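J.: what's the 3D shape of this:
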Amino acid sequence: MTLEEIHSQEMVTESTNRMQGAGKALSELLLSAQRQGCLTAGVYESAKVMNVDPDNVAFCVLGADEEDEGDIALQIHFTLIQAFCCENDIDIVRVNNIQKLAEILGAHEDSGEPQDLHCILITNPNENSWKDPALEKLSLFCEESRNVNDWVPTITLPE
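T.: Here you go, the predicted structure:
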């Protein structure tokens, strides 16, 4: 095994560990925000919150499954949301498993109908900045991703 191969293996392992840590942190953040009433779900609901009070938005999650990749209207919404988040310094990630998001948030439990989880916003509960360790971890993850030109990193949620 050459030095390059060893270095490449270490980079893959480090990237996998970083991704798993981010997935766990996102899961914790979503549950914490939901308990505190700081979670907004839905593309249109999120757009309203961002329009009214963008300074109160702490984090944005875009969720899509493979079948959503062909939905042109949804992709346009995603592009606009991403641009807005970048313009307003809001950390943003993608998740490619809507079903897992629904499981974490218990989205089907309330009304029995599926909830729109294509866009989820985490907002600050009050004027004081919300200090959640999972939010800090994810902010660092997003910053590291931007440093390697990955502006909207994709996170894999834990099983």
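
J.: From N88, how far off is L101?
T.: 23 Å (Cβ to Cβ, to the nearest Å). For every residue, glycine as well, the C-beta is placed using N, CA and C.

J.: ok, now which ones touch the residue nearest the centre of the chain?
T.: Nearest to the geometric centre of the chain sits V61, at 2.8 Å (Cα atoms, centre = their mean). By Cβ atoms under 8 Å, 6 or more residues apart in numbering, the residues touching V61 are 26, 30, 92-95, 101, 119-122.

J.: out of L101 and N88, which sits in the more crowded spot?
T.: Using other Cβ atoms under 10 Å as the criterion, L101 and N88 rank with L101 on top: 23 against 12.

J.: how close does the more buried one sit to L140?
T.: Counting by Cβ to Cβ, the gap from L101 to L140 is 22 Å.

J.: Equivalent analysis for D53, please.
T.: 25 Å.

J.: Between those two, which has more neighbouring residues?
T.: L140 (15 against 11).

J.: which secondary structure element contains the more buried one?
T.: Take DSSP states H and E as the rule and L140 turns out to sit in helix 133-147.

J.: again, but for Y44
T.: Per DSSP H and E: helix 43-52 holds Y44.

J.: Quick one: mean pLDDT for that helix?
T.: For helix 43-52, the mean pLDDT works out to 93.

J.: Name the residues of that helix that come out as buried.
T.: 43, 46-47, 49-50 (16 or more other Cβ atoms under 10 Å).

J.: In TSV: those, plus distance to N147.
T.: Formatted as TSV, the buried residues of helix 43-52 follow (distance: Cβ to Cβ, whole Å):
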residue	distance to N147
V43	29
S46	26
A47	29
V49	28
M50	25
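
J.: Good, we can wrap up now.
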